[in-house]
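Undergrad: Make a model of this:
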Amino acid sequence: MNFLSDTTAPAHPALIDAIAAANRDFAPSYGADPLTAQVEARLKAVFETDLKLLFAVSGTASNALALSVLCPSHGAILCHDEAHIHRDERGAPEFFTGGGKLIPLKGAHAKIDLAELDRALAEIPEGFVHTSPVRVLSLSNLSESGTAYSPAEIDERAGRLQDRPAFVHMDGARFANALVTLGCTPAELTWKAGIDALCFGATKNGALGAEAVILFPSVMDRFEELQARQKRAGHMAPKMRFMAAQFDAWLADDLWLDLARTANDRARALAADFRNIDGAEVLHPVDGNEIFVRLDDALAARLRSAGAQFYQWPDGSARFVTSWCTTEAEIASALGAL
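TA: Okay, the predicted model is just below:
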């Protein structure tokens, strides 16, 4: 019963097979291969718009690279205090932007509160030389508490920036999990709601190691700069076709959505078990494949004794993450231990 993280899960066999198939012959390097072009065309259909695509090897790399072409070195990036870019990327966004300032904001369930956003924008007037001007709003979907921003919530927050030369970035490491819960289209959850750049994660949802930076039409003119920064940072994979192969298989026949749906279903089942057990308190809405629960010591000990692995969160709660390959039997075993 491994609930540590969806990154601990194995890669899906279809993606491994796709890598093997891509390994049978020679192909152009650095993203000039036919598979990369094929995936970009497929993503244009998925998102119902023109876009530019760049593959990255990690979520941190994709976030930092995307932010580096959205925020100048003298600008500021607004994000939630719990955001991955603020808490878990060791200063990579600041490093890649050359000094862009992260300004963390509060909000329940790791979603930026509108009043907090309004307060921050009021305190940082445009053209005031003494403060770093807001140039990016970064939203995480799923959030770091496993909750989802709806298209309306994104649009509300993005709308606050419409009078500024600023962009909206989405950390979509678990974008698929948010999407299947919300039941909207990828377009509705991104550019139609005001997102300019999406870091589209596959690694947590069945890939061996593949992330994508997607620039929507509002910022497509920055793609050449994005490529240059990727190369200069040493993040441009020579054999990029192997990342493209993973995305190609992942997107085929909506496999990416099926895998996310399975992970979400298992998380909901586990959360329901916790809600029916004395000594367990689920702390956030379960909008995807993450559950944050406060456990009494006896329950936590019983789970660990039964073989359950989970992560102790800094606030003292326990985080349980399900994946595409979490089984119903594992959920039943956890319930038995509880």
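
Undergrad: Is it correct that Trp191 is in contact with Val46?
TA: No - using Cβ atoms under 8 Å, Trp191 makes no contact with Val46, being 11.8 Å away. (Glycine included, C-beta is placed from N, CA and C.)

Undergrad: Compare those two (neighbour count), which wins?
TA: A direct count of neighbours by other Cβ atoms under 10 Å for Trp191 and Val46 places Trp191 higher, at 23 against 18.

Undergrad: Skipping its backbone neighbours, what lies nearest the more buried one in space?
TA: Phe216 (4.2 Å; Cβ to Cβ, 6 or more residues apart in numbering).

Undergrad: ditto for Ala92
TA: Using Cβ to Cβ, 6+ apart, the nearest residue to Ala92 is Ala64, at 4.1 Å.

Undergrad: ok, that neighbour - how many residues close by?
TA: Around Ala64 there are 26 residues (other Cβ under 10 Å).

Undergrad: Which parts of the stretch 151-300 of the chain are strands?
TA: 167-172, 197-201, 211-215, 280-282, 290-295 (DSSP state E, counting those that start in this stretch).

Undergrad: Just give me the longest helix of the protein.
TA: Longest helix in the chain, counting residues (DSSP state H): helix 255-275.

Undergrad: Show me what it is packed against.
TA: helix 175-182, helix 241-251, strand 280-282, strand 290-295, strand 318-321, helix 328-337 (3 or more Cβ pairs under 8 Å, 6 or more residues apart in numbering; DSSP states H and E).

Undergrad: How about residues contacting that helix?
TA: Residues outside helix 255-275 that contact it (Cβ atoms under 8 Å, 6 or more residues apart in numbering): 3, 6, 12, 14, 146, 174, 176-177, 179-181, 202, 205-206, 249-250, 280-282, 286, 288-291, 293, 320-328, 330-331, 334-335, 338.

Undergrad: Select only the buried ones of the residues you listed in PyMOL?
TA: The PyMOL selection below is limited to those of the contacts of helix 255-275 classed as buried (16 or more other Cβ atoms under 10 Å):
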select buried, resi 3+6+12+146+174+176+177+179+180+181+202+205+206+249+250+280+282+286+288+289+290+291+293+320+321+322+323+324+325+326+330+331+334+338
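
Undergrad: is it true that Gly206 touches Trp250?
TA: Yes - if you go by Cβ under 8 Å, Gly206 and Trp250 touch, sitting 6.3 Å apart.

Undergrad: tell me, what's touching the two both at once?
TA: His12, Leu15, Trp256, Leu259.

Undergrad: Put together CSV for these, with distance to Pro125 on each row.
TA: Listed next are the shared contacts of Gly206 and Trp250 as CSV, based on distance: Cβ to Cβ, whole Å:
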residue, distance to Pro125
His12, 49
Leu15, 48
Trp256, 42
Leu259, 45
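
Undergrad: which of those residues has the most neighbours?
TA: Neighbour max across the shared contacts of Gly206 and Trp250 (other Cβ under 10 Å) = Leu259, 28 neighbours.

Undergrad: Starting from Ala329, give me the distance back to it.
TA: 18 Å (Cβ to Cβ, to the nearest Å).

Undergrad: Arg157 now?
TA: In terms of Cβ to Cβ, Arg157 sits 40 Å off from Ala329.

Undergrad: Pick out whichever of these two has more residues nearby.
TA: Arg157 (21 against 9).

Undergrad: Domain ranges for this protein, per the record?
TA: The record assigns the chain these domain ranges, following automatic domain parsing: 11-253, 255-337.

Undergrad: Let's have the ones you listed in CSV, adding mean pLDDT.
TA: Below are those laid out as CSV (pLDDT from 0 to 100):
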stretch, mean pLDDT
domain 11-253, 97
domain 255-337, 96
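
Undergrad: Setting aside sequence neighbours, what's the nearest residue to His84?
TA: Once flanking residues are discounted, His84 sits nearest to Asp171: 5.8 Å by Cβ to Cβ, 6+ apart.

Undergrad: The one you found: how many residues sit nearby?
TA: 29.

Undergrad: OK, contacts around it?
TA: Contacts of Asp171 (Cβ under 8 Å, 6+ apart): Gly59, Asn63, Ala83, His84, Ile85, Ser138, Leu139, Ser140, Asn141, Cys199.

Undergrad: please redo it, this time with the cut-off set to 10 Å
TA: Contact analysis of Asp171 by Cβ atoms under 10 Å, 6 or more residues apart in numbering lists 59-60, 62-63, 66-67, 79-80, 83-85, 89, 138-144, 198-201.

Undergrad: residues contacting the residue most central in space within the chain?
TA: In the chain, the centroid-proximal residue (Cα atoms, centre = their mean) is Ala173; its distance is 1.9 Å. By Cβ under 10 Å, 6+ apart, the contact set of Ala173 is 6-7, 58-60, 62-63, 84, 140-142, 144, 199-205, 211.

Undergrad: if we go to 7 Å?
TA: Residues in contact with Ala173 (Cβ atoms under 7 Å, 6 or more residues apart in numbering) are Gly59, His84, Gly201, Lys204.

Undergrad: can you name the two of these that are farthest apart?
TA: His84 and Lys204 (11.4 Å; Cβ to Cβ).

Undergrad: Show me which of those two is the more surrounded one.
TA: Set His84 next to Lys204 and count neighbours by other Cβ under 10 Å: Lys204 wins out with 25 against 20.

Undergrad: This completes my enquiry, with thanks.
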